[in-house]
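Peer 1: sequence first, then the predicted structure, then my questions.
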Amino acid sequence: MRVRHGLRDLLRGLRPAEPTPGEKRPTAADSELLLRVLCHEFRTPISTLTSLTRALADERQDLTGDDRRALSELARDQAAHLQSLLLDAAAGTGVLTPTPQPEPAVALAGILREAAALVPVGRRRARATRRAASCPVPAGRTRQVLVNLVQNALRHGPPDGQVGLYATVRGPSLSILVTDEGRVDDALLVALRRPTPAVGMSGLGLWIARQLVATDGGALRAYRLRPRGVALEVLLPMARPVR
């Protein structure tokens, strides 16, 4: 079954292209933002697929059978995401609605394996408590957020730095941390606060991740790590575990 998690979910705040009587028509800013998000969302799965093919071809990486299965599953899901984006673009993406599309819930463990597989084996740190691993999450949106955050960590952290994925249950929330050995700078903090992204592509990925997390009633936060590093935390409301 193909999971739809396209722009209708992501830009739920935009008005439809053909407004109802008395409703304000979309502005040029709405259209420009829509185009930027579409470009960014094409870039992410293309970049991910490029990384996956390199990882599979790199004989220096000591990939386990589980690693190869996770890479194959992520490649399949990213190809499906590209197909979904193409369908949204072909439809004009003007039929955006405020209601997110329903998604199947899957155990977090599988999505964590896929996102962790993007990180070279020697730089990867991943751990989840049993309770967190069994928590159900919206498949497409959660995968999109974690892939986005891991790609950011690889892009902005030190070239040989460690990248971590950690999941636990914290109070009424499922907590997922993506860490790297970079730093918390002003641009990161601004990107996490802005109601709309800045002009250009800078900070757009974090803005997209915030919209997707908010769709499920969650939040995205940043923390400084000691002695160095940055952690981005995805907080999602708890649901009944998947067994």
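Peer 2: Everything's here; your move. Residues are numbered from 1 along each chain as shown.
Peer 1: tell me where the model's unsure across the protein.
Peer 2: The chain contains residues with pLDDT under 70 at 1-41, 59-60, 81, 83-102, 198-203, 240-243.
Peer 1: mind listing the strands for it?
Peer 2: In the chain, the strands defined using DSSP state E lie at 105-107, 124-128, 136-138, 163-170, 173-180, 219-224, 230-237.
Peer 1: could I get these as a markdown table with distance to residue 147 and mean neighbour count?
Peer 2: C-beta: built from backbone N, CA, C; applies to glycine. Compiled in a markdown table, these are given as follows (distance: least, Cβ to Cβ, whole Å; neighbours: other Cβ atoms under 10 Å):
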| stretch | distance to residue 147 | mean neighbour count |
| --- | --- | --- |
| strand 105-107 | 15 | 17 |
| strand 124-128 | 14 | 16 |
| strand 136-138 | 13 | 23 |
| strand 163-170 | 11 | 20 |
| strand 173-180 | 10 | 22 |
| strand 219-224 | 14 | 14 |
| strand 230-237 | 12 | 20 |
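Peer 1: need those strands in TSV with distance to residue 118, can you?
Peer 2: Converted to TSV, these look like this (distance: least, Cβ to Cβ, whole Å):
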stretch	distance to residue 118
strand 105-107	18
strand 124-128	9
strand 136-138	18
strand 163-170	8
strand 173-180	11
strand 219-224	19
strand 230-237	15
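Peer 1: hey, where'd the helices end up in the chain?
Peer 2: In the chain, the segments counted as helices under DSSP state H are 7-10, 28-57, 65-90, 108-116, 130-133, 139-156, 186-191, 204-215.
Peer 1: and these as TSV, adding mean neighbour count and distance to residue 162?
Peer 2: Conversion of these to TSV gives the following (neighbours: other Cβ atoms under 10 Å; distance: least, Cβ to Cβ, whole Å):
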stretch	mean neighbour count	distance to residue 162
helix 7-10	23	30
helix 28-57	16	17
helix 65-90	16	17
helix 108-116	22	12
helix 130-133	16	20
helix 139-156	23	10
helix 186-191	14	18
helix 204-215	21	21
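Peer 1: thinking again about what came up before, show me the one of the strands of the chain that comes nearest residue 67.
Peer 2: In this view, those are compared for proximity to residue 67 by Cβ to Cβ, and strand 124-128 is the closest at 9.3 Å.
Peer 1: which strands and helices lie in contact with that closest one?
Peer 2: Applying 3 or more Cβ pairs under 8 Å, 6 or more residues apart in numbering; DSSP states H and E, one finds that strand 124-128 contacts helix 108-116, strand 163-170.
Peer 1: residue 138 is nearest to which of the ones you listed?
Peer 2: Closest approach to residue 138 among the helices and strands packed on strand 124-128 (Cβ to Cβ): helix 108-116, 9.8 Å.
Peer 1: got the angle for the closest one vs helix 139-156?
Peer 2: Inter-element angle recorded for helix 108-116 and helix 139-156: 30 degrees (by axes from the mean of the first three to the mean of the last three Cα atoms, to 10 degrees).
Peer 1: show residues contacting helix 108-116.
Peer 2: Outside of helix 108-116, the residues within contact range by Cβ atoms under 8 Å, 6 or more residues apart in numbering are 66, 70-71, 73-74, 77, 124, 126, 128, 132-137, 139, 142-143, 146-147, 149-150, 165, 167, 174, 176.
Peer 1: okay, residue 231 and residue 223: tell me how far apart.
Peer 2: Distance, residue 231 to residue 223, by Cβ to Cβ, to the nearest Å: 5 Å.
Peer 1: what do you get for residue 74?
Peer 2: For residue 74, the distance to residue 223 (Cβ to Cβ) stands at 26 Å.
Peer 1: same deal with residue 46?
Peer 2: Between residue 46 and residue 223 the computed distance is 30 Å (Cβ to Cβ).
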